[in-house]
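**Student:** Got a sequence here, can you model it:
(one chain, ligands or ions: 1)
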Amino acid sequence: MGRFDRTVKILAIVAIILLGANLAVATFVDDAAMQLSGGDDASKPLVVSSTTVLDDLVFQIAHDTVDRNLLVGPGGDPHDYEPTTGDQVAVEEADLVVLNGFGHEPMIERMVESVDKSEDRVLVPTTGLDPVYVAEGAWVEEVREEAEDPDDVPDQIPDPHLWMTIPNAMVYVDNIRDQLIELFPENEALYRANAAEYKAKLELVDRTVRETLDTIPEEHRKLVTTHDAFRYFGGEYGIEVIDTVWGVTTDREVTAQEVAQLADNIRENNVTAVFPEDSVRENLLVQAANEADALVGGTLFSDSLGLPGSQAHSFVSMMLYNAKTLAEGLGGDPEVAPDLS
Ligand SMILES: [Zn+2]
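**Tutor:** Numbers count the residues shown, from 1 in each chain. Sure, this is the predicted structure:
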């Protein structure tokens, strides 16, 4: 990435952090909803989602009542994703755009703002959830160096990975359901039924995840991953996040000194296995694990689902797969619970 691109991107991230709250309060206008709900059955409304997880949640509620378009495909890194011209066209044409927000997909958020989409066509399904703010020292310093006014760069940034617990994901489901009903009220009964059925499944999955993780011996409930996507997951399910290569973003260079420090932390905390993530390159994590004589466990899914047909092709399968992978790598029993996937 050239220096100009990088500067543009960093400024975009700062703008998103400062303006994120505006997206989060988007509300719908009844007139617009009425217009959208009419029309020819042959042309379904278009819902564009930034990430695979959001796209899956939309699908679980809307089923085939909408056409869906996904910007960051399976295995992609939303933190680093630069939208294409085609993405911009899709966003322009979309009846609804769904973004995670809180700086998770900064270049997409910036692009959506540049398209000047009216607020009633943008949904940030994190509304109602309070993110944790983290002091991302090295990243913030780097952003400050390039910012026009360093004082505008906050000391702390929100951790956007809110979907990583099932209780939080249920809030996403409620917000997506309500927004779809606002836009397409003729489908209200269907959306309510689909959301209720899906949430019942999520409750089962939540119990299974807990049951699976509970088999990990207490002293091994420690997590080291590629980037800091498991903070909410760890808090909800009792796994301590010891350290990560990157923080809550992935778009900066990690120094050799930081990798050495990570290896020290792995060793000092008696972490037995580290876990790469599908959407983030793993070489530095593997390097730190080798230096610390820790094992490299199976690949976890966080910012992006796996390919269709894979073991993590949906949000539900991702949560189950992550729990099993952690149990397997940390001395638990991955098969303790019935298979729900
Ligand atoms: Zn992430």
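**Student:** Which residues of the stretch 201-341 of the chain lie near the ion?
**Tutor:** By the rule CB under 5 Å from the ion, the part of the stretch 201-341 of the chain lying against the ion is 229, 303. Bear in mind the C-beta positions are built from the backbone N, C-alpha and C, glycine included.
**Student:** Strands of the stretch 201-341 of the chain, start to end?
**Tutor:** In the stretch 201-341 of the chain, the strands defined using DSSP state E, counting those that start in this stretch lie at 222-225, 240-244, 273-274, 295-296.
**Student:** The longest one pairs with which strands?
**Tutor:** Put plainly, it is strand 240-244. strand 222-225 (parallel) (DSSP bridges).
**Student:** what's in contact with the partner strand?
**Tutor:** 230, 234, 239-245, 262, 265-266, 269-272, 274-277, 285, 288-289, 294, 300, 302, 326, 330 (CB atoms under 8 Å, 6 or more residues apart in numbering).
**Student:** Separate out the buried members of the residues you listed.
**Tutor:** For the contacts of strand 222-225, a neighbour count by 16 or more other CB atoms under 10 Å gives the buried set as 230, 234, 239, 241-245, 262, 265-266, 271-272, 274-277, 285, 288-289, 294, 300, 302, 326, 330.
**Student:** Make JSON lines from the strands of the stretch 201-341 of the chain and add distance to residue 86 and mean pLDDT to it.
**Tutor:** Below are the strands of the stretch 201-341 of the chain laid out as JSON lines (distance: least, CB to CB, whole Å; pLDDT from 0 to 100):
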{"stretch": "strand 222-225", "distance to residue 86": "32", "mean pLDDT": "95"}
{"stretch": "strand 240-244", "distance to residue 86": "32", "mean pLDDT": "92"}
{"stretch": "strand 273-274", "distance to residue 86": "37", "mean pLDDT": "94"}
{"stretch": "strand 295-296", "distance to residue 86": "36", "mean pLDDT": "95"}
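**Student:** Show the backbone phi and psi for whatever residue of the stretch 151-300 of the chain ends up closest to the ion.
**Tutor:** Nearest to the ion in the stretch 151-300 of the chain, going by CB to the ion, is residue 229, at a distance of 4.5 Å. In terms of degrees, to the nearest 10, the main-chain angles of residue 229 are phi -100, psi 0.
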